[in-house]
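**Q** Fold the stuff below for me.
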Amino acid sequence: QVQLVESGGGLVQAGGSLRLSCAASGGIFRINAMGWYRQAPEKQRELVAVITNGGSTNYADSVKGRFTISRDNAKNTVYLQMNSLKLEDTAVYYCNADLMVRSTPWIPRDYWGQGTQVTVSS
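**A** From the prediction side, this is the model:
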C-alpha cells in the first residue's frame, strides 16, 4: 500500500526558512511527477511546485525565487526548500505523487500525503 509521509513543517518567523520532505513507499513501480500543494484556511488547495522524474520543475508565481523543489529518485523522496517565508505562505502543505504500483504498472494514479502545517508568524 502506497504511503506518502511528510515531515519538516512547523512555526517560523517571516523571512525564515523551512525544508519539507516527503518520502513515498509501498509497492512502487515508478514515480512520474512529484509535487507540493498547499491549502490555507477557507481557500482552495493550490499547486506550489512540481518536479518530473527528469528533473523539470514548475512553480506557482507566488513562490518563484523563494522556494526550490528537488527530488531523490533513489529514495522516492521530494523536498521543498522554502526561503524568505511570508505570512501568506501559512497553510497545510500536501505532498502529491503521480505513480504506478508494481501490481498495475500501466496505470498511473495520484497519491497524497496527510499534510504538514507551516505557520509563518510576524
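**Q** residues in contact with S70?
**A** For S70, the contact set (C-beta atoms under 8 Å, 6 or more residues apart in numbering) comprises 51, 78-79, 81. To be clear about C-beta, it is placed using only N, CA and C from the backbone, and glycine gets the same treatment.
**Q** Make a PyMOL selection of the buried ones in those.
**A** Those of these that count as buried under 16 or more other C-beta atoms under 10 Å are selected in PyMOL with:
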select buried, resi 51+78+79
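**Q** Okay, and the beta partners of the residue positioned nearest the centre of the chain?
**A** Centrality entry for the chain: nearest residue to the mean C-alpha point is W36, 2.7 Å, by C-alpha atoms, centre = their mean. Counting by DSSP bridges, W36 is bridged to A49, C95.
**Q** In this structure it contacts A97, no?
**A** No - under the criterion of C-beta atoms under 8 Å, W36 is not in contact with A97, lying 10.6 Å apart.
**Q** so what sits against both of those two?
**A** Here W36 and A97 have 22, 78 as joint contacts, going by C-beta under 8 Å, 6+ apart.
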